[in-house]
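S.K.: Need a 3D model of the sequence below.
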Amino acid sequence: AVAVLTALNQGYASTWPTPTPYPISVPWLNVLITLLVVPLVAMLGAGLLTRSRLPIEHRV
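M.R.: Next up is the predicted model:
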């Protein structure tokens, strides 16, 4: 995305009047949710839905 926005900004730089460039910003809230919240919810769900003990097999 950064490469596309940089290319667009450079392409429009040669025109007159120069339009305002597209801002390059990082959506920190989305990055935080993706990197922290999603794995935590997955671990919590796996912990709650997994049986705590495996069945014991009897030897014959």
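
S.K.: hey, let's count contacts and neighbours off CA atoms from now on
M.R.: Fine.

S.K.: Tell me the confidence at residue 40?
M.R.: pLDDT for residue 40: 97.

S.K.: roughly how far is the helix or strand containing it from the heart of the chain?
M.R.: Under the criterion of DSSP states H and E, residue 40 resides in helix 38-49. When C-alpha coordinates are averaged (C-alpha atoms, centre = their mean, to the nearest Å), helix 38-49 and its chain have centres 17 Å apart.

S.K.: Does anything pack onto that helix? Which helices or strands?
M.R.: With contacts defined as 3 or more C-alpha pairs under 8 Å, 6 or more residues apart in numbering; DSSP states H and E, helix 38-49 has no helix or strand neighbours.

S.K.: Run through the neighbouring helices and strands of the helix or strand bottoming out on mean pLDDT in the chain.
M.R.: Here the helix or strand of the chain ranked lowest by mean pLDDT, DSSP states H and E is helix 2-12, holding a mean of 92. The helices and strands touching helix 2-12, judged by 3+ C-alpha pairs under 8 Å, 6+ apart, number zero.

S.K.: In PDB, list the C-alpha atoms belonging to that helix.
M.R.: The C-alpha coordinates for helix 2-12 follow below in PDB (Å, rounded to 0.1, in the frame of the first residue of the first chain):
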ATOM      1  CA  VAL A   2       2.900   2.300   0.800                       C
ATOM      2  CA  ALA A   3       4.400   1.700  -2.600                       C
ATOM      3  CA  VAL A   4       1.200   2.400  -4.400                       C
ATOM      4  CA  LEU A   5       0.600   5.700  -2.500                       C
ATOM      5  CA  THR A   6       4.200   6.800  -3.100                       C
ATOM      6  CA  ALA A   7       3.900   6.100  -6.800                       C
ATOM      7  CA  LEU A   8       0.600   8.000  -7.000                       C
ATOM      8  CA  ASN A   9       2.100  11.000  -5.100                       C
ATOM      9  CA  GLN A  10       5.100  11.100  -7.300                       C
ATOM     10  CA  GLY A  11       3.000  10.800 -10.500                       C
ATOM     11  CA  TYR A  12       0.900  13.700  -9.500                       C
END
